[in-house]
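A.B. asks: Take a look and give me a structure for this.
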Amino acid sequence: MEIKESKKFLYVVGAFPPSIGMGGIRALEFSKRLVKKGIFPIFLTRKSHKKELISKKFFSKIPSSVIVYRSNYFRLANRYIREFLNLFFRIDFYLDWIPFAYLKGKKILKKHKGIRFIYTTGLPISSFIIGYLLKLKFKIPLVVEYRDPWSFNPFLMKNQLLLNQKIDLILEKRWLSSADVIITVSPKLTQFLKKNFLFIGNIPIYSIPNGLNLNAEKLDAKKKDKKNEIVFTFTGKLYGGRNITPLFKIISELKKEGYFDDLRFKLKIFGAYKKIMEKQVKQLNISDIVLLGGFITRSDVFNELYKCDLPIHIGENLNYPTLAFKVFDYLSIGKKMLYLGREDSYTAKYLKENNFGITIPINNFKEGKKKFKNLLNDIKNQVFEYSVKREEILKLSWDNRARDLMEVISTHF
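C.D. replies: So this is what the prediction gives:
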């Protein structure tokens with residue numbers, strides 16, 4: 001698709017490289033491709049928190065033609081006071097960088113003439129509020145990109161006061177009704193929004209999922225020698241309702257039955273929770289099977305995933321309307337994944353329909369144990385197909401996702 005003239009837009013994102021955030025990585029991947037087609041994002045983001053993970057490698061990948069403005073923010077240092085205040089008024093969502101970013105956004109829009117539209121992405125929803133306020137001031141079209149639900153998010157609704165929920169809903173209706181275009185990261189999330197906000201049926205809405213970079217020209221997925229050790233690997237955070245305990249219990253039960261007496265199997269776990277899991281692993285008597293490796297860098301993550309038989313993705317015990325960023329990270333190595341989650345979930349159905357992975361039910365121990373044992377038997381007997389077809393994962397590339405976004409920009413702006 002050809003872009004006839006240069007287009008500039010203001011891209012509001014809560015975290016951008018060198019900060020390691022999924023919204024920032026998505027924005028970076030888009031920007032690298034947009035600038036080649038004459039579409040130039042001007043980024044408005046927040047300065048990194050002191051304890052925030054950063055990567056100089058990601059910072060070096062920002063195109064030289066991309067302008068990035070970083071806003072100050074307000075954040076109470078004392079975590080306990082902050083959490084207490086958030087019970088009554090969620091300052092982390094409704095204060096943070098909003099006033100600083102709004103003022104900086106005004107300066108950007110006055111300085112850079114010809115900005116066609118404002119593009120906001122969340123969570124965090126503070127990006128939506130900033131974009132909404134700037135649209136009111138400058139009468140510039142607004143694009144609202146949802147990577148997660150907000151008011152009806154089952155995780156965020158927990159332990160929240162009714163007043164906070166009402167404030168959330170009022171504000172969400174404001175920025176959604178002001179949107180000229182809505183983008184979601186999954187068809188399921190599009191359905192979710194349309195169901196809960198009937199009025200958005202009159203607003204153009206598109207689904208542009210996250211993408212992937214193919215990290216190997218060819219995956220070495222040769223059948224393994226039966227004598228070799230079978231290795232499953234999990235990396236990342238266990239946030240929200242994600243729980244690896246059901247898998248621990250399955251492994252513990254199989255060990256008691258003597259299943260691992262003639263099968264070398266190792267579960268490797270990498271993340272910043274080594275001490276938390278050590279006690280549980282010891283209690284279940286699986287310390288000889290489960291390796292807790294601690295936190296590792298993103299590049300080391302991929303090295304570990306290449307070496308293992310199957311990467312493990314941990315899901316929630318509910319039907320969440322999006323795919324975790326990790327799904328695309330895992331697919332980028334060209335290998336199927338093992339998903340611990342609900343079989344009726346959007347993620348499980350997506351993996352099954354595309355032959356991208358196998359689901360071990362998180363809410364059915366008997367069935368989960370059976371499926372896990374059968375999987376190990378198939379790998380042991382060299383009848384399991386590890387690889388995802390290259391042509392299938394190429395369809396999910398960032399190049400294709402960026403082309404979809406360019407089509408939206410070309411159509412509306």
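
A.B. asks: Run through the stretch 51-200 of the chain and note the low-pLDDT ranges.
C.D. replies: Counting by pLDDT under 70, the ranges of the stretch 51-200 of the chain that qualify are 51-55, 58-59, 77, 86-92, 94, 156-161.

A.B. asks: what about 80?
C.D. replies: 51-60, 75-95, 154-165 (pLDDT under 80).

A.B. asks: a strand runs through residue 293, doesn't it?
C.D. replies: Yes: secondary structure assignment (DSSP: H, G, I helix; E, B strand; the rest coil) places residue 293 inside a strand.

A.B. asks: Could you check how far it is from residue 265?
C.D. replies: 16 Å (CB to CB, to the nearest Å). (Each C-beta comes from the backbone N, C-alpha and C, glycine too.)

A.B. asks: Kindly report the same for residue 386.
C.D. replies: With distances defined as CB to CB, the gap from residue 386 to residue 265 amounts to 16 Å.

A.B. asks: For the residue nearest the centre of the chain, list the residues it contacts.
C.D. replies: Centroid-nearest residue in the chain: residue 325, 3.1 Å away (criterion: CA atoms, centre = their mean). Taking CB atoms under 8 Å, 6 or more residues apart in numbering as the criterion, residue 325 is in contact with 22, 25, 210.

A.B. asks: what about residue 293 and residue 265, which has more around it?
C.D. replies: Legend: neighbour count by other CB atoms under 10 Å for residue 293 and residue 265, higher for residue 265 (18 against 15).

A.B. asks: next one: phi and psi at the spatially closest residue to that one that is not a sequence neighbour?
C.D. replies: The shortest distance from residue 265 to any non-neighbouring residue, by CB to CB, 6 or more residues apart in numbering, is to residue 230 (4.9 Å). Recorded main-chain torsions at residue 230 are phi -90, psi 130, according to degrees, to the nearest 10.

A.B. asks: Next, count neighbours for residue 230.
C.D. replies: Counted by other CB under 10 Å, the residues lying close to residue 230 total 20.

A.B. asks: any chance of the contacts of residue 325 in TSV, with neighbour count, pLDDT and secondary structure too?
C.D. replies: Shown next, in TSV, are the contacts of residue 325 (neighbours: other CB atoms under 10 Å; pLDDT from 0 to 100; DSSP: H, G, I helix; E, B strand; the rest coil):
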residue	neighbour count	pLDDT	secondary structure
22	19	85	helix
25	23	91	helix
210	22	95	coil
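
A.B. asks: Would you mind giving those residues as CSV with distance to residue 350 added?
C.D. replies: Output for the contacts of residue 325, formatted as CSV (distance: CB to CB, whole Å):
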residue, distance to residue 350
22, 17
25, 20
210, 12
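
A.B. asks: Now residue 266: closest residue in space, sequence neighbours ignored.
C.D. replies: Nearest non-adjacent residue to residue 266, counting by CB to CB, 6+ apart: residue 231, 4.9 Å away.

A.B. asks: Packing partners of the helix or strand harbouring that neighbour?
C.D. replies: Of the helices and strands defined by DSSP states H and E, residue 231 is found in strand 230-235. Using 3 or more CB pairs under 8 Å, 6 or more residues apart in numbering; DSSP states H and E as the contact criterion, the elements in contact with strand 230-235 are strand 265-270, helix 298-307, strand 310-314, helix 365-380.

A.B. asks: Could you pull out the buried residues of the second one?
C.D. replies: Of the residues in helix 298-307, those buried under the neighbour-count criterion (16 or more other CB atoms under 10 Å) are 301-302, 304-306.

A.B. asks: a markdown table for those residues, including distance to residue 82 and pLDDT?
C.D. replies: Converted to a markdown table, the buried residues of helix 298-307 look like this (distance: CB to CB, whole Å; pLDDT from 0 to 100):
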| residue | distance to residue 82 | pLDDT |
| --- | --- | --- |
| 301 | 30 | 85 |
| 302 | 34 | 84 |
| 304 | 34 | 89 |
| 305 | 35 | 88 |
| 306 | 40 | 86 |
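
A.B. asks: Can you tell me which of these is closest to residue 358?
C.D. replies: Taking CB to CB as the measure, residue 305 is the one of those closest to residue 358, at 16.1 Å.

A.B. asks: Can you tell me how far that closest one is from residue 232?
C.D. replies: 11 Å.

A.B. asks: Overlap of the contact sets of these two?
C.D. replies: If you check residue 305 and residue 232 against CB under 8 Å, 6+ apart, the residues they both contact are residue 311.

A.B. asks: Quick one: mean pLDDT over the helix or strand containing residue 44.
C.D. replies: In the assignment (DSSP H and E), residue 44 maps to strand 39-46. The pLDDT scores in strand 39-46 average 95.

A.B. asks: Which positions within it qualify as buried?
C.D. replies: By neighbour count, and taking 16+ other CB under 10 Å as the criterion, the buried residues in strand 39-46 are 39-46.

A.B. asks: which of the residues you listed lies closest to residue 199?
C.D. replies: Using CB to CB, residue 44 is the member of these that lies nearest residue 199, at 27.4 Å.

A.B. asks: Hmm, residue 108 and that closest one touching each other?
C.D. replies: Yes: at 6.3 Å, residue 44 and residue 108 qualify as touching, with contact defined as CB atoms under 8 Å.

A.B. asks: Packing partners of whichever helix or strand comes after the strand holding residue 231?
C.D. replies: Later in the chain than strand 230-235, the nearest helix or strand by DSSP H and E is helix 245-256. Using 3+ CB pairs under 8 Å, 6+ apart as the contact test, the elements touching helix 245-256 are helix 274-283, strand 357-361, helix 365-380.

A.B. asks: Pick the most deeply packed of these.
C.D. replies: strand 357-361 (a mean of 22; mean count of other CB atoms under 10 Å).

A.B. asks: mind listing what that one pairs with, with the direction of each?
C.D. replies: In the sheet containing strand 357-361, its partner strands are strand 337-341 (parallel), by DSSP bridges.

A.B. asks: contacting residues around the closest residue to residue 30 other than its chain neighbours?
C.D. replies: Among residues not flanking residue 30 along the chain, residue 402 sits closest, at 5.5 Å (CB to CB, 6+ apart). By CB under 8 Å, 6+ apart, the residues touching residue 402 are 29-30, 33-34, 211.

A.B. asks: Go again with 10 Å.
C.D. replies: Contacts for residue 402 (CB atoms under 10 Å, 6 or more residues apart in numbering) come out as 29-34, 36-37, 39, 208, 211.
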